[in-house]
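# Got a predicted structure here, sequence first:
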Amino acid sequence: MRKFVLAGLAFVLTIGLAIASEVAFVKYDTDKKELTIKEDDKTATYKITDDTKVKRGEKDAKLENVLKYFGEKAKEGDKFEITVDKDKKTVTEIKLKGKK
């Protein structure tokens, strides 16, 4: 019983650390690898690491291609989903809409 309770507690804490949500693009700093997003009325900046996973639709995508898109073509207000580690202020996953 104790293992079950501890496993449940660990699960709840993990969910609190990584939260996925739809956000709007604000800007991307290529030198610092920092992504600024807007969620509701709040703006936040998160670091993108080499461990950040990327998906376009249901398919895996290359991180460098998505970063190039953010740096050159993304417009303020573009919508996508991210999962962040709020403690480390890093993006763990980016989900873009698939191509039509």
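Looks like it came in fine. Numbers count the residues shown, from 1 in each chain.

# partner residues bridging the spatially most central residue of the chain?
By Cα atoms, centre = their mean, the chain has its centre lying nearest to residue 82, at 2.8 Å. Beta-bridge pairing of residue 82 under DSSP bridges involves residue 21, residue 94.

# For residue 64, which three-state class applies?
With DSSP: H, G, I helix; E, B strand; the rest coil as the basis, residue 64 sits in helix.

# Relative to residue 46, how far out is it?
Counting by Cβ to Cβ, to the nearest Å, the gap from residue 64 to residue 46 is 18 Å. Glycine gets a C-beta too; all of them are placed from N, C-alpha and C.

# who has more neighbours, the two?
Legend: neighbour count by other Cβ atoms under 10 Å for residue 64 and residue 46, higher for residue 46 (21 against 10).

# partners of that one in the sheet?
Bridge pairing for residue 46 (DSSP bridges) gives the partners residue 35.

# quick one on the thing from earlier: per-residue pLDDT, the residue nearest to the centre of the chain?
At residue 82, the pLDDT value in this model is 93.
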